[in-house]
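**Q** Structure for the following, please:
(one chain, ligands or ions: 2)
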Amino acid sequence: MAKSPDAPILVFGAGGQLGQEVMAQGSARGLPVQGVKRAEADIGDAAAVTAAIESRKPRLILNAAAFTAVDKAESEPEAAHLANVVGIEILAKAAARFDVPLVHISTDYVFDGSKQGAYVESDPIKPLGVYGATKAEGEARLRAAAPKHIILRTAWVFGPYGANFLKTMLRLAGERDLLRVVADQRGCPTATADIAAAVFAIDQALDAPAADLWGTYHFAGADATTWHAFADAIVEAQTRWSGRRPKVEAITTQDYPTPAKRPQNSELNSGLFAATFGYRAAPLAERIAETLASLRTAA
Ligand SMILES: NC(=O)C1=CN([C@@H]2O[C@H](COP(=O)(O)OP(=O)(O)OC[C@H]3O[C@@H](n4cnc5c(N)ncnc54)[C@H](OP(=O)(O)O)[C@@H]3O)[C@@H](O)[C@H]2O)C=CC1
Ligand SMILES: Cc1cn([C@H]2C[C@H](O)[C@@H](COP(=O)(O)OP(=O)(O)O[C@H]3O[C@@H](C)C(=O)[C@@H](O)[C@H]3O)O2)c(=O)[nH]c1=O
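**A** Ligands and ions are numbered 1, 2, ... in the order given. Presented below is the predicted three-dimensional model:
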């Protein structure tokens, strides 16, 4: 497919929390970003995927579509497999056929969380649950089908759009005087604004004629923390607007049973991404404050 400099970045899963952020940031930067939501192109539907690519002739495809309900995946493994394995394989084959680079978002939940310290790209994967297992298999299918790919493993995503942990904590803080949150799972909360910026940094880097940057990268928030400390920081920042300060109690994973097992430590080392693409995420406190401010503006 002939590429023009005006060719768009085509986003699958444009209706999700990351998809919406990329669309908004792309427009704000004056970039030609076009999105397709699930109703227009289900990534499990090869004909719809082909039609979306053929009609838009993109220079880059971003896959932000996925089955992301971690607990629900345990009881609905087929649905998770359909989006996270079959869907990405269909998309990868179509991207390869049209010779368009594909950026795909994966997750820290491909790791089992037993490492002391931050995970690097070469660490062995060993998912604990169905969601992580389907994402891991999706990565493998993508590698096999589309040589021109970049897999970005990110983590604990939050932002103003869609559903996420930050918004759940804000809702609970509005309803309760006590929140109980696990303090023995550690990871890197990542703002959708940073992932969008990372995708645009990739787009720019791929513009260089000799760019051979294909592969898997970790890209996550600047600060590692626990769900409990993350919740506490969110509630504290929100106090400024709400005047209320519910208590956030530290509990253990055992105190908060869930259908899916989650990694104890899924801190990601984003050094390779920064060295390759020249972008690092902003400090967590800044990203929390910005997200709360944009939620206030939207309210
Ligand atoms: N959320 C997080 O904390 C993290 C997310 N990720 C990864 O980041 C990516 C983006 O996640 P996020 O934006 O948070 O997820 P969301 O659940 O907010 O968005 C996913 C979007 O994909 C759509 N979708 C689901 N199945 C299909 C399909 N078969 N075809 C087309 N669209 C589909 C959903 O539509 P509908 O709602 O109609 O089903 C939804 O709009 C995913 O790959 C996810 O695995 C990685 C680490 C952490
Ligand atoms: C709502 C809530 C959750 N928790 C715990 C449950 C869990 O261990 C942890 C996080 O809860 P959540 O279910 O919101 O988050 P979870 O769905 O596990 O988030 C994951 O989503 C997928 C898509 C990813 O790829 C991961 O990177 C990660 O972000 O906090 C509490 O302890 N107290 C609470 O009140």
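
**Q** Enumerate the residues of this structure near ligand 1.
**A** 13, 15-19, 38, 42-44, 64-68, 83, 87, 105, 107, 135, 154-157, 162 (C-beta under 6 Å from any ligand atom). (C-beta placed from N, C-alpha, C; glycine too.)

**Q** Could you list the low-pLDDT ranges of this protein?
**A** Within the chain, the stretches with pLDDT under 70 are 1-5, 209-210.

**Q** Who are the contact partners of the residue of the chain found nearest ligand 1?
**A** At 2.0 Å from ligand 1, G16 is the closest residue in the chain, using C-beta to the nearest ligand atom. With contacts defined as C-beta atoms under 8 Å, 6 or more residues apart in numbering, the neighbours of G16 are 64-66, 68, 161-162.

**Q** Helices of this structure, start to end?
**A** For the chain, the helices defined by DSSP state H occupy 17-28, 46-56, 70-75, 77-81, 88-97, 130-145, 165-175, 192-206, 227-242, 271-277, 284-298.

**Q** so what does the second one touch, helix or strand wise?
**A** Other helices and strands packing on helix 46-56, by 3 or more C-beta pairs under 8 Å, 6 or more residues apart in numbering; DSSP states H and E, are strand 9-12, helix 88-97.

**Q** Comparing those, which stretch has the densest surroundings?
**A** strand 9-12 (a mean of 27; mean count of other C-beta atoms under 10 Å).

**Q** contacts for that strand?
**A** For strand 9-12, contacts defined as C-beta under 8 Å, 6+ apart pick out 19, 22-23, 26, 31-36, 41, 43, 49, 52-53, 56, 58-65, 91, 100, 199, 203.

**Q** Export that strand to PDB, keeping only CA atoms.
**A** Taking C-alpha atoms only, strand 9-12 is exported to PDB below (Å, rounded to 0.1, in the frame of the first residue of the first chain):
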ATOM      1  CA  ILE A   9      -2.900   6.600  12.200                       C
ATOM      2  CA  LEU A  10      -5.800   4.100  12.400                       C
ATOM      3  CA  VAL A  11      -7.000   3.200  15.900                       C
ATOM      4  CA  PHE A  12      -8.900   0.000  16.500                       C
END
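
**Q** Direction included, what does it pair against?
**A** Strand 9-12 pairs in its sheet with strand 33-36 (parallel), strand 60-63 (parallel), by DSSP bridges.

**Q** For ligand 2, find the nearest of these.
**A** Comparison of the strands paired with strand 9-12 against ligand 2 by C-beta to the nearest ligand atom identifies strand 60-63 as nearest, at 14.1 Å.

**Q** Would you indicate which residues of that closest one are buried?
**A** Neighbour-count burial for strand 60-63 flags 60-63 (criterion: 16 or more other C-beta atoms under 10 Å).

**Q** Would you point out the most distant pair within those?
**A** Within the buried residues of strand 60-63, two members stand farthest from each other by C-beta to C-beta: L60 and N63, at 10.8 Å.

**Q** Overlap in contacts, those two.
**A** Common neighbours of L60 and N63, using C-beta under 8 Å, 6+ apart, are 102-103.

**Q** can you redo the strands paired with strand 9-12 as TSV with distance to R244?
**A** Compiled in TSV, the strands paired with strand 9-12 are given as follows (distance: least, C-beta to C-beta, whole Å):
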stretch	distance to R244
strand 33-36	37
strand 60-63	38
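
**Q** in the sheet, who's paired with N265?
**A** Bridge pairing for N265 - DSSP bridges - gives R186.

**Q** pretty sure it is in contact with G187, am I right?
**A** Yes. Here N265 lies in contact with G187, judged by C-beta atoms under 8 Å, at a distance of 7.5 Å.

**Q** Comparing these two, which residue is more hemmed in?
**A** A direct count of neighbours by other C-beta atoms under 10 Å for N265 and G187 places G187 higher, at 26 against 20.

**Q** I'd assumed S266 was in contact with that one.
**A** Yes. With contact defined as C-beta under 8 Å, G187 counts as touching S266 (4.4 Å).

**Q** shared neighbours of the two, anything?
**A** Common neighbours of G187 and S266, using C-beta under 8 Å, 6+ apart, are 108, 155.

**Q** Tell me which residues of stretch 19-32 come out buried.
**A** 19-26, 32.

**Q** Which residues of the stretch 101-250 of the chain lie near ligand 2?
**A** Residues of the stretch 101-250 of the chain lying near ligand 2 (C-beta under 6 Å from any ligand atom): 107-109, 155-157, 165, 168, 172, 179-182, 185, 227.

**Q** wait, what's in contact with P127?
**A** By C-beta under 8 Å, 6+ apart, P127 lies in contact with 109-112, 133, 135-136.

**Q** Now the two most distant members of the residues you listed.
**A** D112 and K135 (13.4 Å).

**Q** of the two, who's got more company?
**A** For D112 versus K135, neighbours defined as other C-beta under 10 Å are more numerous around K135 (29 against 17).
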